[in-house]
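A.B. asks: Sequence and predicted structure, then a few things I'm wondering about:
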Amino acid sequence: MSAPTIDGRRLLDRLNELGEIGRETPEGCTRLALSDADMLARNLVQSWLLEAGASVHIDQVGNIYGMIAGANNSSLIMTGSHIDTVSRAGKLDGCYGVIAGIEILQSMKDQGLQPEQSLVVAVFSNEEGVRFSPDLLGSRVIAKDIDLDDALAVESRDGKAFCSELKRIGFAGEASPWKFLPKYFIELHIEQGPVLEASGKTIGIVESVQGHSWWQVSIGGCANHAGTTPMSLRKDAGMAAMRLACLLESLAADASLPLVATVGTFSLEPNSINVVPGRARFTVDFRDTDNARLREAEILLQREASALEDQGFSVQLQNLSRAVSVPFDLDLCDRLESAAVAQGASILRMVSGASHDAQMMAKVCPTAMLFVPSISGISHNPKEKTLPGDLVMGAQLLTDVLWSLANKH
Ligand SMILES: [Zn+2]
């Protein structure tokens, strides 16, 4: 039995329809987790799942599952993503993976097909982490990266508890978050970066999600008169910070991809045209798929900080956040690659620069991700776009792979 053929027009129309919920013309749409707009989007997605013949279940953290039972109902093959957004978002991001999953179920129904194993489309709660922190909250609970009770007690920026907002929007479900543990999980997503487009390939097979290490650096020198203090007698915290920032940039530039280093904030005191800066503060964001290289970058930062102390500066380093990189299942990546090649797609093996629910699901079962190109690499922006043909091709590829997994013996 061959895989269902999806209806590309319906997929694109539904992306547009969902993208209208929370729309703030012309600045894109805003559907922060568990807001009224998120509730409307959840209701719409739930109605599409029911229309596709799925049974719909809500778990205690508000994750939605749409399931088509297999003929041999022994294991679950899952896909999914999220429909919450950042402020002023585009129409794709997580919605693409969710609607593609629903399209698979709907096409199966339209074409009278039933898989051997059950197929499940998951819609995870609070992926973005804008209104409630941490991000990836729904999948984080499934992965036991956070306790269910702690997740429910998380408070929003506006002082509302996650559990009471779940109740308010009608999505405080009763199912256990561990009721639908899959045998395989595959997430389809737009790349949200420029790598695929620059390579000229249409499908990204994601082998891992990179880790990160975030730092706050504060360097103390001596503020002094810019006219009367000779260069040799200065303790210029600003120049010390700029030299260190340049060194980190060249460390990342010299290393082959994927190490990246970013100094995203920078401030000087007293921040005056005629005063040698007495203090400089900046942040460093290191990311890499190789945890050892990430550690080396941290060690270099610490070594340079102590070298500055030897020169008479005071330096404080504070680690703000750290996450190890998550590898995906290489057998599953190979399976995705064969299916893509069979479909005539050009592929690129790559890493994900952004976080995704799949990195949590990787703790539960063999997991992988598929990317389609983002035009100009733009995401989390109303200008977020992917060619319609690429969106349809990615969704058909997901269909082919899930279908083969659901019928594999
Ligand atoms: Zn996303």
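C.D. replies: That came through, no problem.

A.B. asks: how about the strands in the stretch 201-350 of the chain?
C.D. replies: Under the criterion DSSP state E, counting those that start in this stretch, strands of the stretch 201-350 of the chain are mapped to 203-209, 211-220, 224-225, 260-262, 266-269, 275-276, 279-288, 314-323, 326-327, 347-352.

A.B. asks: so which of those comes closest to the ion?
C.D. replies: The ion sits nearest to strand 347-352 of all the strands of the stretch 201-350 of the chain, at 10.1 Å, using C-beta to the ion. Glycine gets a C-beta too; all of them are placed from N, C-alpha and C.

A.B. asks: Give the buried residues for that closest one.
C.D. replies: 347, 348, 350, 351, 352 (16 or more other C-beta atoms under 10 Å).

A.B. asks: hmm, back to that, can the strands of the stretch 201-350 of the chain go into TSV with extra columns for mean pLDDT?
C.D. replies: Converted to TSV, the strands of the stretch 201-350 of the chain look like this (pLDDT from 0 to 100):
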stretch	mean pLDDT
strand 203-209	97
strand 211-220	94
strand 224-225	97
strand 260-262	93
strand 266-269	97
strand 275-276	98
strand 279-288	95
strand 314-323	91
strand 326-327	95
strand 347-352	95
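
A.B. asks: Up against the ion, what does the stretch 51-200 of the chain have?
C.D. replies: Contact residues (C-beta under 5 Å from the ion) of the stretch 51-200 of the chain with the ion: 93, 94.

A.B. asks: which of the strands of the stretch 201-350 of the chain sits most buried?
C.D. replies: A comparison of the strands of the stretch 201-350 of the chain by mean neighbour count, using mean count of other C-beta atoms under 10 Å, puts strand 203-209 on top with a mean of 24.

A.B. asks: How many residues are close by the nearest residue to residue 8 once chain neighbours are set aside?
C.D. replies: What sits nearest to residue 8 in space, not counting adjacent residues and going by C-beta to C-beta, 6 or more residues apart in numbering, is residue 392, at 3.7 Å. Number of residues near residue 392 (other C-beta atoms under 10 Å) recorded here: 19.

A.B. asks: hang on, the earlier thing: so which of the strands of the stretch 201-350 of the chain gets nearest residue 245?
C.D. replies: strand 279-288 (6.3 Å; C-beta to C-beta).

A.B. asks: Residue 93 against residue 384, yeah?
C.D. replies: Yes: counting by C-beta atoms under 8 Å, residue 93 touches residue 384, with 6.8 Å between them.

A.B. asks: Touching both of those two, which residues are there?
C.D. replies: Common neighbours of residue 93 and residue 384, using C-beta atoms under 8 Å, 6 or more residues apart in numbering, are 190, 192.

A.B. asks: Spit out the contact partners of residue 206.
C.D. replies: For residue 206, the contact set (C-beta under 8 Å, 6+ apart) comprises 328, 333, 350, 351, 352, 358, 368, 369, 370, 371.

A.B. asks: what are the bridge partners for it, then?
C.D. replies: Taking DSSP bridges as the rule, residue 206 bridges to residue 350, residue 369.
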